[in-house]
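[1] sharing a model prediction with you, sequence too.
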Amino acid sequence: MQAVQINKYGDNSVLEQVDIPIPKILPDQVLVKVKYASVNPVDYKIRSGFMASVLPKSFPFTLGWEASGIITDTGHDVLNYKTGDEIILMSNFMQGGTYAEYVAVNAGEIMSKPTSLDFADAAVIPFSLGTAYTALLMDTQIMPGQKLLILGAGGAVGRMAIQIAKNLGLEVTGTAKGNDIQELLSLGIDHVVDYTKADYFDALNDFDVVLDLVGGETQAKSFKTLRKGGTIVSTTQPPDSGELQHYGLNGKMTRTKCDPEKFAVPLQWLEEGKIKVKEPQIMNFGSAKEALALVENREAKSKIVLSL
């Protein structure tokens, strides 16, 4: 099978399209024929070695963590799925492997593909839905009537977070720019703040929860936007413990995990049309280097999926 691998850390020049054997599955795994593999920021962070201290890799390593596809084989311990099932998956960050025609994945890291979505749209669901749901429902326990601020709301995770929060009855504010502003308003967000304006943080205050999808200086400025006792949850870096104590806040860095049982409700929302998916940008599998460069340089018009 064809796969995109790295044999060392570095820039996009270390990506190689190679021919390797189809992986063998363990008793608790399934083998999936990949239809579309998503390209995510974590892919270039792994490739560059940025995350080597927490997620070290042995080479050669096949990139990619998110995909849609069809099961072609199951381990003898797998009871809930069968050959021919259409699924979406997010393999664990130690394993990866979705930049390939086939991937062996743990049965607990897959979910049935929503019937309302085609394979391309479905491929973007596990990471964005999983991250938003984990941050807001598992790490933060948002409640109806609360005020939520999403920093970096224009991306795939932000869009999912908006829709989850609105389905649960929260007042939602997000930061975005350009065309994203109108797109977010169409999703039902209550307020959008243009972050290209120098003083945009002046309009942000009195929130119960901040979902930080940006990090860095943006996160540092966000502590003062929360009410005392509020919560900041970040996908990018742990909130500073000193700042949390100073402002009397709770904080956590979310760890995305594919959990089919916990995601039953938002997956049902997808089926019912209560959550909309922005159409991804489809690129050929042979264009993996170009696709990853677009994501790394923040030039992608929407989430990119590789067609296999």
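    Structure received.

[2] not counting its neighbours along the chain, what's nearest Thr236?
    Using C-beta to C-beta, 6 or more residues apart in numbering and skipping the chain neighbours, the partner closest in space to Thr236 is Gly215 (3.2 Å). Glycine gets a C-beta too; all of them are placed from N, C-alpha and C.

[3] got the CA coordinates for the helix or strand of the chain with the lowest mean pLDDT in PDB?
    The weakest-scoring helix or strand in the chain, judged by mean pLDDT, DSSP states H and E, is helix 264-272 (a mean of 86). Taking Å, rounded to 0.1, in the frame of the first residue of the first chain, the C-alpha atoms of helix 264-272 are listed here in PDB:
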ATOM      1  CA  ALA A 264     -23.500   9.700  21.100                       C
ATOM      2  CA  VAL A 265     -25.500  13.000  21.600                       C
ATOM      3  CA  PRO A 266     -23.500  15.200  19.300                       C
ATOM      4  CA  LEU A 267     -23.400  12.500  16.700                       C
ATOM      5  CA  GLN A 268     -27.200  12.400  16.900                       C
ATOM      6  CA  TRP A 269     -27.200  16.200  16.400                       C
ATOM      7  CA  LEU A 270     -25.200  15.600  13.300                       C
ATOM      8  CA  GLU A 271     -27.700  13.100  12.000                       C
ATOM      9  CA  GLU A 272     -30.600  15.500  12.800                       C
END
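
[4] how about that helix: buried residues?
    The neighbour-count check on helix 264-272 (16 or more other C-beta atoms under 10 Å) flags 266-267, 269-270 as buried.

[5] pick the one among those residues closest to Ala122.
    The closest of the buried residues of helix 264-272 to Ala122 turns out to be Leu270 (C-beta to C-beta; 9.0 Å).

[6] shouldn't that closest one be in contact with Ile125?
    Yes. Using C-beta atoms under 8 Å, Leu270 is in contact with Ile125, at 7.2 Å.

[7] what residues are shared contacts of those two?
    Each of 114, 117, 277 lies in contact with both Leu270 and Ile125 under the rule C-beta atoms under 8 Å, 6 or more residues apart in numbering.

[8] could you pull up the residues touching the last one?
    Residues in contact with Val277, defined by C-beta under 8 Å, 6+ apart, are 117, 121, 124-125, 270.

[9] could you work out the most separated pair of those residues?
    Among the contacts of Val277, Val124 and Leu270 lie farthest apart (C-beta to C-beta), at 11.4 Å.

[10] sheet partners, orientation included, of the helix or strand hosting Tyr36?
    In the assignment (DSSP states H and E), Tyr36 maps to strand 29-38. Paired with strand 29-38 in the same sheet, following DSSP bridges, are strand 66-74 (antiparallel), strand 102-106 (antiparallel), strand 304-307 (antiparallel).

[11] got a list of contacts for the helix or strand that comes right after the first one?
    Later in the chain than strand 66-74, the nearest helix or strand by DSSP H and E is strand 86-90. Residues outside strand 86-90 that contact it (C-beta under 8 Å, 6+ apart): 30, 32, 65-71, 81, 98, 103, 105, 109-114, 119, 122-123, 125-127, 130, 256, 258.

[12] now do the helices in the stretch 151-300 of the chain.
    Using DSSP state H, counting those that start in this stretch, the helices of the stretch 151-300 of the chain run over 156-167, 179-186, 216-222, 241-247, 264-272, 288-296.

[13] sweet, I'm off.
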